[in-house]
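Engineer: fold the stuff below for me.
(2 chains)
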Amino acid sequence: MKIIVLVFAVIILPCFAQNFPKNWENKMEKAIVKQFSATVAKQEIKDDYINSKNKHLYKLVSGDTTKGYLYVSKTQACHIGGCGNNSTNISSQSIYEYFTYFVITDINTKILHIEMLEYAAERGFEICNKRWLSKFVGHEPKNLSYGRNIDAISGATISGLAITGDVTNINVILEENN
Amino acid sequence: MKTISLLMMIVVYSLHLNAQNADNNTAENMVQNNTSGVSIGGYAQIDYNQPFVKDKRSNGTLDVHRMVMLFGYNFNKNTSFVTEIEYEHVSELYVEQAFLNHKFTNWLNFRAGLLLIPMGILNEYHEPVTYNGVERPVIDNNISPTTWRELGAGFAGRFDGLGMKYQLYVVNGFSSYATSGTLSGKTGLRGGRQKGAESFISAPNLSFKLDYYNIPGLNLGVAGYMGDTQSKLYNGIDKNDNAAMAKADSSVVGVNMLGVNASYSKFGFAIKGQYYLLNLKNTDQYNTFTKKDLGKQLTGYYVDLSYAYPLGDSKEKELVPFIRYESLDTHAQTEGGLVRNDAYNLHYITTGLGLKLAKGAMLKIDYQWFKSKFDTDYTKQLNAGVAIWF
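Structural biologist: Predicted coordinates for the structure are as follows:
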């Protein structure tokens, strides 16, 4: 009996509940191992509002200790055909181009790692640049300011603002679930 | 007891699996764009231009210079159609883009249709809120004839790890002769744009660009365009009729264009530089045949400096002072007996302000001094305008 329970626990806990593409999972696992020196279990923090908008927050747990958080988010970039201004509401009648990225934070939501998984929009791809993204590291999401401590990128304003604003959802989800 | 525990484990595990399936749908959304649908965007440029000429009165002009609708349609995750329809000066209707894009991978997209020619900073990103000053830089009128678009097909893609983007297209080219010559010394190739409207082709052209963006804040680009211009005189002639072939040959020129652009921004400061070199072959024969004054070499460049000063706490409001120096010479070199025309050698100094009220909504005002080598005095012009993009 104990063996069965143990087997189930081993199968269920380390995997993602979601079925991300394998290369995405590999990238995220690699980054997690690099930050915490071991695989950790991922417990999803459920929030219907956020999850319906394609954002997922996981608590990263090793034994009884919470090590940090993993946030995976699909965010609007431009809408296909035009890029001047974006509503933050997803309208079923408007088709946006998206990018998907993930963030690993410590227990205090200080950013440890941020990486682009897929950038599917025509413009603003400059935000995929690893050196630009590395400027996020060490900050808490609420302290990020596009154009100030995060360099503005000419030609990628919409996407740059989108990712800088979207990272704050980590704190939003945590506050709603406390 | 043990059996009940085991059954409970199985129930919990299968509930977990069901939850996984529901989450699969959400996750699938994460890897795909929304299912098919239309997206609408647009931009507009409304201008007031007031020249000041010494000792003379001048009327100003007001113009809804451009009113553009952009439509995008996603057939599925990988296939989309983008079109740009423009009203210029309230009376001329043009299609500026109409192409099908199919994505194989991030680094390989296939495109076909009416495409924007990748040359310089402005042609691909030509919405009025993306550049300083009411009017577009003058080299983006007379050397790179924006909005420069052509029918063709090719490939585009990005290598994000390297920070590079490429585009490579085979396209139709400029018409240099329909019923008479269309190219000129003052405006170069601009008069030869076919704009995708019942265009004819007698020779394919090649267009390519490489962009480098691996260093944050820095964008570098190098673009090339080459091929012969198009002439209606080739249509229907006997390939062995040397006289007819020679006549058709004298109605075309060979185009070789190079565009180099660099821009850098940090802490709100931005600097942009653009250089064009356009070499044309066979201009002597062309000018003799068409009685035009087309130059053999056209060159131009500009340097633009600006600072985005944030207003208040809003990330949207900004005041952007700028200054730009532009130089244009469409008779940098001429062939045969054609004398270089000093009136075609100009430089412009433009300085002004842009006020961004919201993302995509901007008021602009600027003052220009310009003169050609032929003029003794500068002409001055005040420009004010509204720039919209959504």
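Engineer: on contacts alone, who are the packing partners of the helix of greatest length in chain A?
Structural biologist: Longest helix in chain A by number of residues (criterion: DSSP state H): helix A:22-36. On a contact count with 3 or more CB pairs under 8 Å, 6 or more residues apart in numbering or on different chains; DSSP states H and E, helix A:22-36 meets strand A:55-62, strand A:65-79, strand A:96-106, strand A:111-119. (C-beta placed from N, C-alpha, C; glycine too.)
Engineer: now render those strands as TSV, adding distance to residue B:202.
Structural biologist: Output for the helices and strands packed on helix A:22-36, formatted as TSV (distance: least, CB to CB, whole Å):
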stretch	distance to residue B:202
strand A:55-62	54
strand A:65-79	37
strand A:96-106	38
strand A:111-119	40
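Engineer: for the ones you listed, which one sits closest to residue B:310?
Structural biologist: Of all the helices and strands packed on helix A:22-36, it is strand A:65-79 that lies closest to residue B:310, at 22.4 Å by CB to CB.
Engineer: quick check: mean pLDDT of the closest one?
Structural biologist: Averaging pLDDT along strand A:65-79 gives 89.
Engineer: for stretch B:107-127, same thing?
Structural biologist: 94.
Engineer: quick one on the thing from earlier: let's have the helices and strands packed on helix A:22-36 in TSV, adding mean neighbour count and distance to chain B.
Structural biologist: Shown next, in TSV, are the helices and strands packed on helix A:22-36 (neighbours: other CB atoms under 10 Å in any protein chain shown; distance: least, CB to the nearest CB, whole Å):
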stretch	mean neighbour count	distance to chain B
strand A:55-62	21	8
strand A:65-79	22	4
strand A:96-106	23	6
strand A:111-119	20	7
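Engineer: got a list of contacts for the longest helix of chain A?
Structural biologist: Residues outside helix A:22-36 that contact it (CB atoms under 8 Å, 6 or more residues apart in numbering or on different chains): A:16, A:20, A:39-40, A:60, A:62, A:67-68, A:70, A:72, A:100, A:102, A:104, A:112-113, A:115, A:117-118.
Engineer: now do it: distance to the chain's middle.
Structural biologist: Helix A:22-36 sits 13 Å away from the centroid of its parent chain (CA atoms, centre = their mean, to the nearest Å).
Engineer: now the angle from the one helix or strand residue B:41 maps to to strand A:65-79?
Structural biologist: Using DSSP states H and E, residue B:41 falls within strand B:37-52. Angle of strand B:37-52 versus strand A:65-79, following axes from the mean of the first three to the mean of the last three CA atoms, to 10 degrees, is 60 degrees.
Engineer: tell me the helices and strands packed up against strand B:37-52.
Structural biologist: strand B:61-74, strand B:379-389.
Engineer: do any residues in the first one lie close to chain A?
Structural biologist: Meaning strand B:61-74. Yes. Contact of strand B:61-74 with chain A is found when judged by CB under 8 Å from any CB of the partner chain, involving B:70-74.
Engineer: what comes up buried for that strand?
Structural biologist: Residues B:65-74 are the ones in strand B:61-74 that count as buried (16 or more other CB atoms under 10 Å in any protein chain shown).
Engineer: who's in contact with that strand?
Structural biologist: The contact list for strand B:61-74 (CB under 8 Å, 6+ apart) reads A:79-82, A:95, B:33-49, B:80-90, B:96, B:128, B:385.
Engineer: ditto for the shortest one
Structural biologist: Residues from elsewhere that reach strand B:379-389 (CB under 8 Å, 6+ apart): A:82-85, B:41-53, B:65, B:127-130, B:133-135, B:352, B:354, B:360-371.
Engineer: try stretch B:239-248
Structural biologist: Counting by CB under 8 Å, 6+ apart, B:231, B:233-234, B:237-238, B:289 sit against stretch B:239-248.
Engineer: of those residues, closest to chain A?
Structural biologist: Among those, residue B:231 lies closest to chain A (CB to the nearest CB), at 34.8 Å.
Engineer: so what's that closest one bridging to?
Structural biologist: Applying DSSP bridges to residue B:231 gives these bridge partners: residue B:177.
Engineer: buried subset of the contacts of strand B:379-389?
Structural biologist: Buried positions within the contacts of strand B:379-389, assessed by neighbour count (16+ other CB under 10 Å), are A:82-85, B:41-47, B:49, B:51-52, B:65, B:127-130, B:133-135, B:352, B:354, B:360-362, B:364, B:366-368, B:370-371.
Engineer: picking that back up, and the angle from the longest helix of chain A to strand A:111-119?
Structural biologist: Using the same axes, to 10 degrees: helix A:22-36 against strand A:111-119 is 170 degrees.
Engineer: re earlier: quick one: which of the helices and strands packed on helix A:22-36 is nearest residue B:305?
Structural biologist: When those are compared (using CB to CB), the closest one is strand A:65-79, at 27.0 Å.
Engineer: convert the one helix or strand residue B:326 maps to to CSV, retaining C-alpha atoms only.
Structural biologist: Element membership for residue B:326 (DSSP H and E) is strand B:318-333. C-alpha atoms of strand B:318-333 as CSV (Å, rounded to 0.1, in the frame of the first residue of the first chain):
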residue,chain,number,x,y,z
GLU,B,318,5.8,61.6,-23.6
LEU,B,319,7.3,64.8,-25.1
VAL,B,320,9.8,64.0,-27.8
PRO,B,321,12.1,66.9,-29.0
PHE,B,322,14.2,65.9,-32.0
ILE,B,323,16.6,67.3,-34.6
ARG,B,324,17.3,65.7,-38.0
TYR,B,325,19.8,66.5,-40.7
GLU,B,326,19.1,65.1,-44.2
SER,B,327,21.1,65.2,-47.4
LEU,B,328,19.8,64.1,-50.8
ASP,B,329,21.5,64.1,-54.2
THR,B,330,19.6,62.5,-57.1
HIS,B,331,22.3,63.6,-59.5
ALA,B,332,25.3,62.5,-57.4
GLN,B,333,26.7,61.1,-60.7
